[in-house]
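Participant: for reference, the sequence and a predicted model appear below.
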Amino acid sequence: MTKMFPFLLQHSSGKRMRKHETLDSYETSWRNNKLKEAVEDRNKALRSLKNRNEEIEEEYKDKKRPKF
């Protein structure tokens, strides 16, 4: 049945379900892992930017900044 209608999924109980009605636990965990990786990458980039900003401020703290 699923070969003719690929939008139908076979539930473990034998009940047919549509794709949007359920997510496989593997698919859910895969999505959650991808989301965690994206958040970790973003946080890593923000920490790097913050550290670089602190280094620059430390480097130039004695120099006068021009006022505009």
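Facilitator: Received, thanks.
Participant: contacts, neighbours, all on C-alpha from now
Facilitator: Noted.
Participant: can you count the residues close to E37?
Facilitator: 12 (other C-alpha atoms under 10 Å).
Participant: numbering from 110 from now on, please.
Facilitator: With the count now opening at 110, the last piece we talked about shows up as E146.
Participant: pLDDT weak spots in this protein?
Facilitator: 110-133, 174-175, 177 (pLDDT under 70).
Participant: show me where it has helices.
Facilitator: 134-169 (DSSP state H).
Participant: can I get the CA coordinates of stretch 134-146 in PDB?
Facilitator: Below are the C-alpha coordinates for stretch 134-146, written out as PDB (Å, rounded to 0.1, in the frame of the first residue of the first chain):
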ATOM      1  CA  SER A 134      11.700   8.600  16.800                       C
ATOM      2  CA  TYR A 135      14.900   8.300  14.700                       C
ATOM      3  CA  GLU A 136      13.800  11.300  12.600                       C
ATOM      4  CA  THR A 137      12.900  13.300  15.700                       C
ATOM      5  CA  SER A 138      16.200  12.600  17.400                       C
ATOM      6  CA  TRP A 139      18.100  13.400  14.200                       C
ATOM      7  CA  ARG A 140      16.300  16.800  14.000                       C
ATOM      8  CA  ASN A 141      17.000  17.500  17.700                       C
ATOM      9  CA  ASN A 142      20.700  16.600  17.200                       C
ATOM     10  CA  LYS A 143      20.900  18.900  14.200                       C
ATOM     11  CA  LEU A 144      19.300  21.700  16.200                       C
ATOM     12  CA  LYS A 145      21.700  21.100  19.100                       C
ATOM     13  CA  GLU A 146      24.700  21.300  16.700                       C
END
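Participant: hmm, who's touching it?
Facilitator: Outside stretch 134-146, not one residue touches it by C-alpha atoms under 8 Å, 6 or more residues apart in numbering.
Participant: list the buried residues for that stretch?
Facilitator: Neighbour counts over stretch 134-146 (16 or more other C-alpha atoms under 10 Å) mark no residue as buried.
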